[in-house]
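Peer 1: got a predicted model here, sequence first, then my questions.
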Amino acid sequence: MSINFFLPQYMIENSQMKLDFNNTEVAFRNKSDNDLEKAYWLFKMVASNSLIKIGTPLTNFALKIGLPIQGIIRNTIYKQFCGGESIEGCARAITELGAGNVTTILDYSVEGEESEASFDETCAEILRTVAYAKKNSLISFCVFKPTGLGRFDLFAKIDAKETLTAAEQAEFEKVHQRIDQICKACYDAKIKVLVDAEHSWIQDTIDDLAREMMEKYNKEAAIVYNTYQLYRSDKLASLKADFAYAQTQNFYLGAKLVRGAYMEIERQRAGENNYPSPIQPTKQSADADYNEAVTFCLDHVNRIGFMAGTHNEESSRLLAEELVSRGLSPKNDHIFFAQLLGMSDNLSFNLAAAGFNVAKYMPYGPVKAVMPYLFRRAQENTSVGGQTGRELGLIMREKERRRKVKG
């Protein structure tokens, strides 16, 4: 199925286009035959749930004892899902995305650190991404993970409404200062910033911080974006409540809409601790809430800046169709589509070719430091129904198309 789009004057050279998520020529235009072959074998490996379960601890062990496997990782899973080991190392990947009219979200993806020194370094690195984004129009958003700026257990203690010691209060004030420093830098640079969502038992504290930053820095435009995980049964209500609050306090709401990334962990913890799971009872209910969140944001698009972070074709098509039927410009600065680097290129590049605002999350950092992110990505691919099979099918289709073209 495809839908027709009449593009604005600045794309008059191709005044009528069809949005076809099965167009693999557009999806893989920036991939060489060798890149495509590597991606094929990588997704074949990821498709094996048992291989991922065995391979993850083995890789961790090999890295810990210093076996020389970083080169293999760098040329396989790292190359597929990461931009480079430094900001400057991402330049080529940023340019390649830009050639397909896709912008970049630079994401410093070092995880699992616990020291104040590491939190300060992460803050400094994110500020460097802001400075870099200010000079590079191909970067549309910056992003930070709150637990990259403060201890997970500290967030959990605050969420549980436990009394903090004086030392913990001082520690949290530093977390607050780091977050404020990043948001202010983005405000001054006029660069949008995404606050990543995390586990439910620390999310209330993150939501409070994000809301405070939006109230402070979103008076003139949507700069700070909080993340709403719609696989949680309470997050559609949270989105609507935050918008109502934004209206009363006269600031723009920034919203990144995702389904979510911690489903198995959330359900397991809820079972172990004997409390109701925060996760939607069915995929259908999660999809319904996600799509309702999209239409809610469109209904209030003059006061909400939002990003549809999704690999779901139905939700992507819904948003595209709604933009057209409502007469909204595909280049409306309040509306972005987003996918992860290395995944769903059929969505990203076909949406971009049809004139929509599209961004790719581009993780970067030293190979060993971003392994927790890469392992999670691989595990998510095995758990998201049909995602890996869809990627493989598209790659195989493009390989066959190229074979026929070459005769």
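Peer 2: Received the coordinates, thanks. Numbers count the residues shown, from 1 in each chain.

Peer 1: got a list of what Asp204 touches?
Peer 2: Residues near Asp204 by Cβ atoms under 8 Å, 6 or more residues apart in numbering: Asp159. All C-beta spots, glycine's among them, are computed from the backbone N, C-alpha and C.

Peer 1: secondary structure class of it, three-state.
Peer 2: Put simply, Asp204 is helix when judged by DSSP: H, G, I helix; E, B strand; the rest coil.

Peer 1: with the one 5 residues further on instead?
Peer 2: Judged by three-state DSSP, the three-state class of Leu209 is helix.

Peer 1: contacting residues for it?
Peer 2: Pro146, His176, Ile179, Val195.

Peer 1: let's have those residues in CSV, adding pLDDT and secondary structure.
Peer 2: CSV is the format used below for those (pLDDT from 0 to 100; DSSP: H, G, I helix; E, B strand; the rest coil):
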residue, pLDDT, secondary structure
Pro146, 96, helix
His176, 98, helix
Ile179, 98, helix
Val195, 98, strand
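
Peer 1: among the residues you listed, name the buried ones.
Peer 2: Listed as buried from the contacts of Leu209 are Pro146, Ile179, Val195; burial here means 16 or more other Cβ atoms under 10 Å.

Peer 1: report all helices and strands that the helix or strand where Phe172 lies contacts.
Peer 2: Element membership of Phe172, judged by DSSP states H and E, is helix 166-189. Secondary-structure packing of helix 166-189 (3 or more Cβ pairs under 8 Å, 6 or more residues apart in numbering; DSSP states H and E): helix 116-135, strand 139-144, helix 152-159, strand 192-195, helix 200-217, strand 224-229.

Peer 1: from the buried ones among the contacts of Leu209, pick the one nearest Ala338.
Peer 2: Distance to Ala338, by Cβ to Cβ, is smallest for Val195 among the buried ones among the contacts of Leu209, at 14.3 Å.

Peer 1: now that closest one: closest residue in space that isn't a chain neighbour?
Peer 2: Using Cβ to Cβ, 6 or more residues apart in numbering and skipping residues adjacent in sequence, the residue nearest Val195 is Ala210, 4.5 Å away.

Peer 1: so how far is Gln268 from that neighbour?
Peer 2: As judged by Cβ to Cβ, to the nearest Å, Ala210 and Gln268 stand 26 Å apart.

Peer 1: which of those two has more neighbours?
Peer 2: A count of neighbours by other Cβ atoms under 10 Å puts Ala210 above the other of Ala210 and Gln268, at 25 against 12.

Peer 1: report the contact partners of Phe251.
Peer 2: Neighbouring residues of Phe251 by Cβ under 8 Å, 6+ apart: Met214, Glu215, Asn218, Lys219.

Peer 1: next up, the contacts around Ile179.
Peer 2: Residues near Ile179 by Cβ under 8 Å, 6+ apart: Phe144, Pro146, Leu149, Leu209, Met213.

Peer 1: show me what contacts the closest residue to the third one other than its chain neighbours?
Peer 2: The spatial neighbour of Leu149 that comes closest, neighbours along the chain excluded (Cβ to Cβ, 6+ apart), is Arg178 at 4.5 Å. Listed by Cβ under 8 Å, 6+ apart, the contact set of Arg178 reads Phe119, Asp120, Cys123, Leu149, Gly150.

Peer 1: which one (most neighbours) among the residues you listed?
Peer 2: Gly150 (25 neighbours).

Peer 1: that one and Ser118, how far apart?
Peer 2: Counting by Cβ to Cβ - Gly150 and Ser118 are separated by 11 Å.

Peer 1: what's the per-residue pLDDT of the residue nearest to Leu149 here?
Peer 2: For Arg178, the model assigns a pLDDT of 98.

Peer 1: from Tyr373, how far out is it?
Peer 2: As judged by Cβ to Cβ, Arg178 and Tyr373 stand 20 Å apart.

Peer 1: with distance to Lys331 added, can I get the helices and strands packed on helix 166-189 in CSV?
Peer 2: Listed next are the helices and strands packed on helix 166-189 as CSV, based on distance: least, Cβ to Cβ, whole Å:
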stretch, distance to Lys331
helix 116-135, 19
strand 139-144, 12
helix 152-159, 37
strand 192-195, 15
helix 200-217, 23
strand 224-229, 18
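
Peer 1: residue ranges with poor pLDDT in the stretch 101-250 of the chain?
Peer 2: 112 (pLDDT under 70).

Peer 1: what residue lies at the spatial centre of this structure?
Peer 2: Closest to where the C-alpha atoms of the chain average out (Cα atoms, centre = their mean) is Tyr361, at 5.2 Å.

Peer 1: for it, what are its contacts?
Peer 2: For Tyr361, the contacting residues are Ile105, Asp107, Val143, Gly309, Ala338, Gln339, Leu340, Leu341, by Cβ under 8 Å, 6+ apart.

Peer 1: what helix or strand is it on?
Peer 2: Tyr361 is located in strand 358-364, with elements delineated by DSSP H and E.

Peer 1: what angle do that strand and helix 116-135 make?
Peer 2: 140 degrees (axes from the mean of the first three to the mean of the last three Cα atoms, to 10 degrees).
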